[in-house]
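>>> model this:
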Amino acid sequence: MSVDNKPFIRNLTLRLLKARKSRNIVAIFAIALTTFLFTIVFTLSGNMLYTIQEQTMRQVGTSAHGGLKMITAKQYDNFAKSPLIKDISFNRYLGLAENDALKKGHFEINYFEEKQAKWNFAFPDIGKMPQADDELVCSTITLDALGIPHKIGGTVPIMFSIGDKHYTKQFKLSGYWEGDAAASTQQIGVSRKFINSVISENNIPRDDYTGTISADVYFSNAVDIENKM
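Numbering: from 1, shown residues only. As a prediction, this is how the structure comes out:
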């Protein structure tokens, strides 16, 4: 307010504050406590929302905005040119592991680009992605099911089929990550060199998914993902 005697108003205000010192301390404490409680509520809510989102991503199998399943290399190149797509990466499907110890679950064998391996929670926490044709990465759930120690360089026998042809290969463990039991699929990652050699020596039936590509995409934001896809 515009008054003629501002010093008087100021002195009066200070005297009132001093006279009500205890009440003011209680008021300040109450305001601080309320602010603290609101901070806790928002922090817990944010953490809870993040945990739910991450768990959903792990169940689905990717953190990306969208996925393109079982496409050709040419289709992938066309999709990658879209101005809507901010980032894209792919894996190439080989088949399902057929070891007796793995038949109770869904253990999928793929070649992963490094970027997509991270998006698909299939990137090793320990070790590295496979490079040689006899290297693989997998989760601790896969290793435990096969009864194999969590040790880099260990031998991991994997059985799979391409058409009527059956394979049993002894791989070396180049990396692994902590498995998530909530995931619908346990991923086994092999090298590009290995999957290309297997596919090239087989006549893949047209109705077989072996050799097809699945891509994950990120847009600039998460708004209207369905229409963007």
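>>> Quick check: buried residues in stretch 182-199?
Within stretch 182-199, the residues that count as buried by 16 or more other CB atoms under 10 Å are 183, 186, 187, 188, 189, 190, 191, 194, 195, 198, 199. All C-beta spots, glycine's among them, are computed from the backbone N, C-alpha and C.
>>> Which of the residues you listed fall in strands?
186, 187, 188, 189, 190 (DSSP state E).
>>> Kindly provide the distance from the fourth one to residue 13.
According to CB to CB, to the nearest Å, residue 189 and residue 13 sit 71 Å apart.
>>> same thing with the last one?
Between residue 190 and residue 13 the distance is 76 Å, computed by CB to CB.
>>> quick revisit: which one of the ones in strands among the buried residues of stretch 182-199 sits closest to residue 106?
The closest of these to residue 106 turns out to be residue 186 (CB to CB; 6.7 Å).
>>> Now do the strands in the chain.
66-71, 85-96, 107-112, 126-127, 135-139, 155-162, 165-177, 186-190, 213-219.
>>> looking at those, which one has the lowest mean pLDDT?
Per-stretch mean pLDDT for these is lowest at strand 66-71 (a mean of 90).
>>> Now do that one against strand 85-96, angle only.
40 degrees (axes from the mean of the first three to the mean of the last three CA atoms, to 10 degrees).
>>> Relative to strand 66-71, what are the paired strands and their orientations?
Neighbouring strands of strand 66-71 in its sheet, by DSSP bridges, are strand 213-219 (antiparallel).
>>> returning to what we had before: among the strands of the chain, which comes closest to residue 42?
strand 213-219 (27.0 Å).
>>> Could you list the residues in contact with that closest one?
With CB atoms under 8 Å, 6 or more residues apart in numbering as the test, strand 213-219 has contacts from 62, 64-73, 75-76, 79-80, 84-93, 116, 119-120, 225, 228-229.
>>> Low-confidence ranges, this protein, go.
Scanning the chain for pLDDT under 70 picks out 1, 3, 46, 49-61.
>>> which one in it is furthest away from the centre?
Distance from the C-alpha centroid of the chain peaks at residue 4, with 66.8 Å (CA atoms, centre = their mean).
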